[in-house]
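> Next one to model:
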Amino acid sequence: MRVLPVSVVSSGGVSKRQMLAVVDAVAKTELSDELASIAAPTLVLCGSKDRVNLPAARAFAGGIPDAELRIIEGAGHQSNTQAPERFSAILNAFLSRTA
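Okay, here's the model as predicted:
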């Protein structure tokens, strides 16, 4: 994020400095001890090409009781727009089972 141009990082009235502050705060947040207390049905979705977030997706799914991890093959970080049919099918099936 630090090396990206301002035009890429800033949008919607958020400055690059503000965005970097948010990214830094999120990176420092440690919630793994809280995952075990989540009792709601949980679906963790991640694209197979989202190499940055795959480890976190696996950790979230592994730390939340009965969480379901689904990897959308061929999709990256924006799997909802890169593979909308597969994303929707997985989400709809999960919601149908848990509703």
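> only C-alpha atoms for contact and neighbour calcs from this point on.
Noted.
> okay, now the nearest residue to R51 once chain neighbours are set aside: neighbour count?
Nearest residue to R51 in three dimensions, chain neighbours excluded: G76, at 7.9 Å (C-alpha to C-alpha, 6 or more residues apart in numbering). Counted with other C-alpha atoms under 10 Å, residues neighbouring G76 total 21.
> On the three-state scheme, G76 is what?
Following DSSP: H, G, I helix; E, B strand; the rest coil, G76 is assigned to coil.
> I'd say it and K49 touch.
Yes - G76 lies in contact with K49 (C-alpha atoms under 8 Å); the separation is 4.4 Å.
> Against C46, how distant is A83?
Distance from A83 to C46, counting by C-alpha to C-alpha, to the nearest Å: 11 Å.
> the more surrounded of these two?
C46 (26 against 16).
> pretty sure the more buried one is in a strand, no?
Yes - under three-state DSSP, C46 falls within a strand.
> Tell me what it is bridged to.
Here C46 sits in beta bridges with I71, as judged by DSSP bridges.
> still on that earlier bit, any shared contact partners between A83 and C46?
The contact sets of A83 and C46 overlap at 72, 75 (C-alpha atoms under 8 Å, 6 or more residues apart in numbering).
> What count of nearby residues applies to N80?
By other C-alpha under 10 Å, the burial measure for N80, its neighbour count, is 17.
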